[in-house]
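Novice: Attaching a predicted model along with its sequence, questions to come.
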Amino acid sequence: MFLSSQKSGGASGAIARASQTDLVTKGDLNKALSETKVEITKLVSGHIGFQTLIMIGTVLALVHQ
């Protein structure tokens, strides 16, 4: 079950190309993580603001009854 020299050369070439082009660096991960943190912060801030408005509206509605 050995590969022919042509097939083994093709397989090793494919592995070499994949390992050289598909590497993710620490910088890539840090950039993606910081972008995700910014998006999560925006989302949570928006939800907190919306919830605050709902609570203020509820309190005002109860006071004006």
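Specialist: Cool, the structure landed.

Novice: for the helix or strand residue 10 falls within, what is the average pLDDT?
Specialist: According to DSSP states H and E, residue 10 maps onto helix 5-21. Mean pLDDT, helix 5-21: 65.

Novice: what distance separates whichever strand or helix holds residue 28 from the middle of the whole chain?
Specialist: In this assignment (DSSP H and E), residue 28 forms part of helix 26-63. Counting by C-alpha atoms, centre = their mean, to the nearest Å, helix 26-63 is centred 17 Å from the centre of its parent chain.

Novice: for that helix, which positions count as buried?
Specialist: For helix 26-63, the buried set under the neighbour-count rule, 16 or more other C-beta atoms under 10 Å, is empty. In this view, the C-beta of every residue, glycine as well, is placed from N, C-alpha and C.

Novice: What distance do you get for residue 27 to residue 62?
Specialist: 53 Å (C-beta to C-beta, to the nearest Å).

Novice: Run a quick neighbour tally on residue 12.
Specialist: 11 (other C-beta atoms under 10 Å).

Novice: Report the contact partners of it.
Specialist: If a contact means C-beta atoms under 8 Å, 6 or more residues apart in numbering, then residue 12 has no contacts.

Novice: Distance of it relative to residue 64?
Specialist: For residue 12, the distance to residue 64 - C-beta to C-beta - is 77 Å.

Novice: Over to residue 38?
Specialist: From residue 38 to residue 64 the distance is 39 Å (C-beta to C-beta).

Novice: just residue 57 next, same as before
Specialist: Separation of residue 57 from residue 64 (C-beta to C-beta): 11 Å.

Novice: again with residue 54
Specialist: Applying C-beta to C-beta to residue 54 and residue 64 gives a distance of 16 Å.

Novice: Need the pLDDT of residue 57.
Specialist: Looking at residue 57, the pLDDT reads 96.

Novice: how about it, what does it touch?
Specialist: Residues in contact with residue 57 (C-beta under 8 Å, 6+ apart): none are found.

Novice: For it, give its distance to residue 48.
Specialist: Counting by C-beta to C-beta, the gap from residue 57 to residue 48 is 15 Å.

Novice: Check residue 29 too.
Specialist: 28 Å.
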